[in-house]
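Student: the following comprises the amino acid sequence and a computationally predicted model.
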Amino acid sequence: MNISRLVLGVFAIGLAATFYVTALGYPDKAANMPLIYSVVVALLGAAMVGQEIISTLRRRKVSVEGAATASDADPEETAVSEQEHQRKPWKAMLIFLLAAVYLYSISILGYLGATAGFMVVALSIIGHLSWRFAAIGIVLLVTLVCTVFIGFLGLPVPLLPPLLSS
């Protein structure tokens, strides 16, 4: 059983539950999207936990039946694939923790600075993305969120740090 995936799934469910409870205190219009995102993240976390449990049960069943197991494969290839598989959940866990720091930093850096910083750090951790497309994505995300939350919903989002917005 891959404990990292299991822990990540449980952590995602806990994080989603926290955001869900927090969003219940928002005004009705503003609470809809966070509630939807919380449910989706909780479902994805539950799917990750379920997938890990089911795959573990299947592996045990196959090994009991005497079929070929991963131990029959080349040990060097197995070690490399296990290392690659182990790094991904820890990157995702790091992104979750970074998201918590991001939420706190909005009050200090303002939405624009905190979001740009979070996206740059998160995308550099994940990798495998052109910085040109990353910059386009960041600009589009910030524009979309500002349009929805400030323009349509009229929420008081601090765009700039408190020192610059005074």
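Tutor: In hand now; what should we look at? Numbering: from 1, shown residues only.

Student: give the buried residues for the helix or strand where Ser55 lies.
Tutor: Assigned by DSSP states H and E, Ser55 belongs to helix 28-64. Neighbour-count burial for helix 28-64 flags 31, 38, 41-42, 45, 48-49, 52 (criterion: 16 or more other C-beta atoms under 10 Å). (Glycine included, C-beta is placed from N, CA and C.)

Student: distance to Phe11 added to the residues you listed, as JSON lines?
Tutor: Formatted as JSON lines, the buried residues of helix 28-64 follow (distance: C-beta to C-beta, whole Å):
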{"residue": "Ala31", "distance to Phe11": "23"}
{"residue": "Ser38", "distance to Phe11": "14"}
{"residue": "Val41", "distance to Phe11": "10"}
{"residue": "Ala42", "distance to Phe11": "11"}
{"residue": "Gly45", "distance to Phe11": "7"}
{"residue": "Met48", "distance to Phe11": "10"}
{"residue": "Val49", "distance to Phe11": "10"}
{"residue": "Glu52", "distance to Phe11": "13"}
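
Student: take these and lay them out in JSON lines including pLDDT.
Tutor: JSON lines is the format used below for these (pLDDT from 0 to 100):
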{"residue": "Ala31", "pLDDT": "78"}
{"residue": "Ser38", "pLDDT": "87"}
{"residue": "Val41", "pLDDT": "88"}
{"residue": "Ala42", "pLDDT": "90"}
{"residue": "Gly45", "pLDDT": "89"}
{"residue": "Met48", "pLDDT": "88"}
{"residue": "Val49", "pLDDT": "90"}
{"residue": "Glu52", "pLDDT": "88"}
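
Student: among those, which one lies nearest to Ala12?
Tutor: Set against Ala12, the nearest of those by C-beta to C-beta is Gly45 (3.1 Å).
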